[in-house]
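[1] Need a 3D model of the following:
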Amino acid sequence: MSVIFDSSLRPPDFVLHPTDLSEASERAFHHALAIAFRLGAQFTLLHARGRRATDNWPGFPSVRAKLARWKAAGTLEGLAGRSRRASISKIEVDIRDPVAASLQYIERNAVDMIVLGTTGRKGLARLVRASRAEMLARQSRLLTLFVPDGGRVFVNGATGEVTLKRILIPVDPATDPRPAMIRAVQAAQLLEDADLEITLLHIGEDSELGMTSLPDLPFCRWNAMQLVGDTVPRILETAEELEADAIYMATSWTKAGFGRIEGGVTERILADAPCPVMTVPIDPS
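    Predicted structure coming up:
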């Protein structure tokens, strides 16, 4: 396995955070803002108001006030050049469906990445009503960070500190993991002192993970693990054992077949993930 740093997989220049003004969405807001600011990217906070105006919108955390608090905490030192490149906007639209509102915005703007707050959904609930966050990621086919309403986070909302240092990448023999590996390596740009530990995890006995062709990077340590058992439980257990800050997954977002109530691997990971999950879209084979 060789990692080719494809120039088309450049770091995001435009980050979109659709919000429903919930506490779960606020956790995602912190991640979206920190990523955009540290990459010097354009950042849009989007709310689909629907038929009724909301009283909460004016009270939602101000982007500039949040950055001011992070600056006071000392976590933005040395990032002045990036902040001058960053562009911030806050939009409320009169569209009831948040997925439709987000897709319309994406069609009209060069969005590279979406950051979404999620709540776990399993079993029949997932079959009857698909997660809006997953629908948006599936239909937009953009790099998407899902931030769960519980579990670990890698952005401290009070200080803006980023602790994305331990990344788990599940490897499926039928899916090219290199896009997820490239995105994981790019996480170093979010850190003041880059020191990444990236673990490749393969579930099964049919193949081995080779380490010889992985790039030798001064800021990155590679690990490889091979386990047997049920794929999803093993991935989640390993994320807990390693105290992973994030799970990065290459996914084609192939729709689960009829009768598969639990959905595909990506959907099941999102339902129970103990940390944020970055889905990296790839073309289905």
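[2] Only C-alpha atoms from now on, for both contacts and neighbour counts.
    OK.
[3] where's residue 91, which helix or strand?
    If you go by DSSP states H and E, residue 91 is part of strand 87-93.
[4] Check residue 186 too.
    Following DSSP H and E, one finds residue 186 within helix 178-186.
[5] tell me which residues in that helix are buried?
    For helix 178-186, burial by neighbour count (16 or more other C-alpha atoms under 10 Å) applies to 178-185.
[6] I'd like to know which elements it is packed against.
    Helices and strands touching helix 178-186, as assessed by 3 or more C-alpha pairs under 8 Å, 6 or more residues apart in numbering; DSSP states H and E, comprise strand 166-171, strand 246-251, strand 277-281.
[7] just how off-centre is that helix within its chain?
    Mean-position distance between helix 178-186 and its chain equals 12 Å (C-alpha atoms, centre = their mean, to the nearest Å).
[8] partner strands of the helix or strand hosting residue 225, parallel or antiparallel?
    For residue 225, the host element (DSSP H and E) is strand 220-227. Using DSSP bridges, the strands paired with strand 220-227 in its sheet are strand 196-203 (parallel).
[9] What is the distance between the strand it pairs with and the centre of its chain?
    Taking mean C-alpha positions (C-alpha atoms, centre = their mean), strand 196-203 and its chain are 17 Å apart.
[10] ok, residue 45 - contacts?
    Contact partners of residue 45, counting by C-alpha atoms under 8 Å, 6 or more residues apart in numbering, are 16-19, 89-91.
[11] just to revisit the earlier point, for the helix holding residue 186, the averaged confidence score.
    On average, the pLDDT along helix 178-186 is 92.
[12] pull the CA atoms of that helix into CSV?
    What follows is helix 178-186 as a C-alpha-only set of coordinates in CSV (Å, rounded to 0.1, in the frame of the first residue of the first chain):
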residue,chain,number,x,y,z
ARG,A,178,-5.6,6.1,0.9
PRO,A,179,-7.9,9.1,0.8
ALA,A,180,-8.7,8.7,4.5
MET,A,181,-4.9,8.3,5.2
ILE,A,182,-4.2,11.5,3.3
ARG,A,183,-6.9,13.4,5.2
ALA,A,184,-5.6,12.0,8.5
VAL,A,185,-2.0,13.3,7.7
GLN,A,186,-3.5,16.7,6.9
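[13] got the helices and strands packed on helix 178-186 as a markdown table, with distance to residue 48 and mean neighbour count columns?
    A markdown table is the format used below for the helices and strands packed on helix 178-186 (distance: least, C-alpha to C-alpha, whole Å; neighbours: other C-alpha atoms under 10 Å):
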| stretch | distance to residue 48 | mean neighbour count |
| --- | --- | --- |
| strand 166-171 | 32 | 25 |
| strand 246-251 | 27 | 26 |
| strand 277-281 | 23 | 24 |
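[14] quick one: which of those strands is nearest residue 110?
    For those, proximity to residue 110 was assessed by C-alpha to C-alpha; strand 277-281 is nearest, at 16.5 Å.
[15] Check which helices and strands that closest one sits against.
    strand 143-148, helix 178-186, strand 246-251.
[16] mind putting these in TSV, distance to residue 224 included?
    What follows is these, written out as TSV (distance: least, C-alpha to C-alpha, whole Å):
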stretch	distance to residue 224
strand 143-148	23
helix 178-186	13
strand 246-251	14
